[in-house]
Structure formats: structure tokens, C-alpha cells
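1. sequence-free structure coming up:
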């Protein structure tokens, strides 16, 4: 297994458009996390899944954001009606319960014009 | 908020040891001390973690103070490829907890050739 993968790596969109990102975790990992990172800051937690259940959402995750993890495998993060403030790196991480090491993907860099 | 305090930046010469400090005065008895680093344009990667005893792996060493209120990540012989942001994080690996990582701003390590 080559680790956590994310697609696309870069996305440029116009304000108001919808975007969807995909994350493929390491195959035996039950937990999957989404983080957002803006320039000069550490990653900030958005939401996480244990298998297919979404167990926590940060207040950063406005109602324009939705995440899914059907069948407990890959996950998608959709942002509707994008705003310039959504421009950031979106990171996905996975871990195998109950270990305590998260493995991060390379991220999707979103630029909203 | 992050429960750790790190210097914003540090500088070191190539091929010399680097000591990256971290303060965590409010650490609980079940918190593990983790270090991640983030190379430019990449997602964070796990470096090392420990509970009470000093730890060594192929990447680094972790020295933990006797009272556990501080720790130091040691890179024994820094290379240019070690230039990154280093995050010191506390995690409690109890099962069924959300266990999201709360990142601070980390320490940006500059390596001088």
C-alpha cells in the first residue's frame, strides 16, 4: 500500500462553484479525518469518520461543507457555493483504531478566484 | 487550542544536531507526546512519539523531561531535507475518543548549507 492518496492535488475554481475532493485512506484504516490548512497555520480539524459513520464535525464545517464515507472506504468532501475564504489546503488522514499515528495524504490545494 | 508551546522558528547548520524544544505544562498522565513534521507542499508526516521514556527511531530521538512538562526532538545530523515545520502534539490514545490532532503553528526549521 502506498499510503493515503488525495485527488485532485490542485483545484482552481470560481467563487460560487461547487467542488468535490476525494481521499483514499490506507486500506485497513477505520478512522478517516479531514483537516484544513491556511498559509502559515497548522492544520485545523474539520471532521472525522469511524468506518462509514461521521462522528464529529468542527464548527469550521459550515452548512456549505459536506463529507461522506460510503461503505467505510474512500471519503469525499464537497464544498458548495465556494467563497474566497475557502481557499486552503485540504488534508486527509487515516489511522487504524486503536493505534495513535495518523497518516496524512499530500493534500488538495483549493484556490477560489 | 493547542496544548503545547514551541518557538516559531529555528535555524541550524547542515550536518549539525538540532534540538527542537516543546513545552506542555498541562500534560495529563495519559497524554502521549507526538511529533509530526511537514515538508514544503506536503501533508504532515509522523516523526516519533513517547510517553515517559526517551525514544529513538531512524528519523530522530525524543527526550522527555522527568516531569513530562517539556520535551525535545533531536535530529542528530540535520540535512537540507530536514527543513520543515515541526509540530509537537499531545494525544490520548483512549479507544472510542475522537482523537483528532490539534495542531499549533509549530516550529519552522531552517537548515543552512
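-> Sure thing, it's come through. Treat the numbers as computed from the prediction; the structure is a model and nothing was measured.
2. return the set of buried residues in the helix or strand bottoming out on mean pLDDT in chain A.
-> Across the helices and strands of chain A, mean confidence by mean pLDDT, DSSP states H and E is lowest for strand A:53-57: a mean of 89. Residues of strand A:53-57 classed as buried: A:54, A:57 (neighbour count, 16 or more other Cβ atoms under 10 Å in any protein chain shown). The way it works is simple: take the backbone N, C-alpha and C, and place the C-beta from them, glycine included.
3. nearest the geometric middle of the chain, what residue?
-> Answering for chain A, as no chain was given. In chain A, the C-alpha nearest the mean C-alpha coordinate belongs to residue A:34, at 3.5 Å (Cα atoms, centre = their mean).
4. let me rephrase: I mean chain B.
-> Nearest residue to the geometric centre of chain B (Cα atoms, centre = their mean): residue B:35, 3.1 Å.
5. what values do phi and psi take at that residue?
-> Listed backbone geometry of residue B:35 is phi -130, psi 130, with angles given as degrees, to the nearest 10.
6. check the offset of stretch A:33-43 from the chain's centre.
-> Remark: stretch A:33-43 is offset 10 Å from the chain centroid, using Cα atoms, centre = their mean, to the nearest Å.
7. give me the contact list for that stretch.
-> Identification of contacts with stretch A:33-43 by Cβ atoms under 8 Å, 6 or more residues apart in numbering or on different chains yields A:23, A:44-49, A:60, A:67, A:75, A:77, A:87-95, A:102, A:107, B:2, B:44, B:85, B:87, B:100-101, B:103-106.
8. which parts of the chain are strands?
-> Looking at chain A here, since you left the chain open. A:5-7, A:10-13, A:19-24, A:31-37, A:44-50, A:53-57, A:65-68, A:75-79, A:88-95, A:103-104, A:108-112 (DSSP state E).
9. please refer instead to chain B.
-> Using DSSP E, the strands of chain B run over residues B:9-13, B:18-23, B:32-38, B:45-50, B:55-56, B:61-64, B:70-75, B:84-91, B:107-112.
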